[in-house]
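Visitor: pasting a predicted model and its sequence here:
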Amino acid sequence: MRGDRRAVLGLIMACGLALGCDSRPPAGQPADASASAPAAASVTAAPAASSSAPVVEGPPLLTPKAATGTAPDSYDVVLDTTKGKATIRVTRAWAPRAADRFHHLVKIGYYDDVPFYRVTLEVAQFGIHGDPKVNEAWREAYFMDEMVKHPNEARTVSFARRGSDTRTTQIFINLKDNSADFDDQGFAPFGEVVEGFDEVIAKLSHEHGERPQQGDAPKRMMAEGAPFIKKEFPKLDWIKSAKLKE
């Protein structure tokens, strides 16, 4: 049992947030599936968010440098999924950088029409976009790590990572209490599912299991987008829209 949990952790970390996961993380861990470079590759971390940063021009979904705003202290995001609606409540004090990045991504519509591409007994993971151009734009839009202030209990939400300062867009929801393994690995929860966990999130299809993390599937999901994902993994559930709650 302990070995299985460690395997899950490996998956969350080894792939990271770059295009294509070449090294297989242990099954069960929420690794970012977008890694194109080895896990040990060094990266330059993005600076912390600042509300006074200059305006960056360009289409929002293709302009990661515009992700510089500061999120509210608390905000709700409604996920309208193929299984129904669920609400994530973000508490910025838990992980400010993560809360700021998530707020920006939701605001620009990044999580509209994206799959829960990896669902196991431990986690439900999402954050690969259906448009390859968007995936490429955000592939190395890293932001810095932060202290784990809240445990990875069931219902909590964290960014996936493949090493130090490699968080970008991919997120996982803890389907069980993973704090014993995930907390000391640097996965910092920034929110929790406050509505729809049992009715929606806990019932997401896990029929494909770890298959989307195996072989060349991660690279192809990133490079080919929604057509490949829907063809190869037709049983996946999808987020139809993710909206900030008024």
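Guide: The structure has been received and is ready for your questions. Numbers count the residues shown, from 1 in each chain.

Visitor: which secondary structure element contains the closest residue to N152 other than its chain neighbours?
Guide: Spatial nearest neighbour of N152, excluding adjacent residues (CB to CB, 6 or more residues apart in numbering): F182 at 4.0 Å. For glycine as for every other residue, the C-beta is placed from the backbone atoms N, C-alpha and C. Using DSSP states H and E, F182 sits in helix 179-182.

Visitor: who does that helix touch, helix- and strand-wise?
Guide: Under the contact criterion of 3 or more CB pairs under 8 Å, 6 or more residues apart in numbering; DSSP states H and E, helix 179-182 touches helix 2-14.

Visitor: quick check: what element follows the helix it packs on along the chain?
Guide: Next along the chain after helix 2-14, taking DSSP H and E as the criterion, comes strand 74-81.

Visitor: which residues are in contact with that next one?
Guide: Residues outside strand 74-81 that contact it (CB atoms under 8 Å, 6 or more residues apart in numbering): 85-92, 102-103, 106, 111, 116, 191, 194, 196, 200, 204, 237-245.

Visitor: same question, stretch 188-201
Guide: The contact list for stretch 188-201 (CB under 8 Å, 6+ apart) reads 76-77, 79, 81, 83-92, 94-95, 98-99, 102, 124, 145-159, 173-175.

Visitor: related to what we said a few turns ago, any idea how far the residue nearest to N152 lies from P189?
Guide: The spacing between F182 and P189, counted by CB to CB, to the nearest Å, is 9 Å.

Visitor: how far does stretch 136-144 sit from its chain's centre?
Guide: 12 Å (CA atoms, centre = their mean, to the nearest Å).

Visitor: quick one: end-to-end distance for it.
Guide: End-to-end distance for stretch 136-144: 19 Å, by CA to CA, to the nearest Å.

Visitor: can you give me the buried ones in that stretch?
Guide: E136, A137, W138, R139, E140, A141, Y142, F143 (16 or more other CB atoms under 10 Å).

Visitor: before we move on, back to that, now, which of the contacts of strand 74-81 lie within helices?
Guide: F102, H103, V106 (DSSP state H).

Visitor: counting neighbours, which of the residues you listed comes out on top?
Guide: When neighbours are taken as other CB atoms under 10 Å, the top entry among those is F102 (26 neighbours).

Visitor: please tell me how far it sits from D198.
Guide: F102 sits 23 Å away from D198 when distances are taken as CB to CB.

Visitor: what's the PyMOL syntax to select whichever of the contacts of stretch 188-201 are buried?
Guide: Buried members of the contacts of stretch 188-201, defined by 16+ other CB under 10 Å, are picked up in PyMOL with:
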select buried, resi 76+77+79+81+83+86+87+88+89+90+91+92+94+95+98+99+102+124+145+146+148+150+152+154+155+156+157+158+159+173+174+175
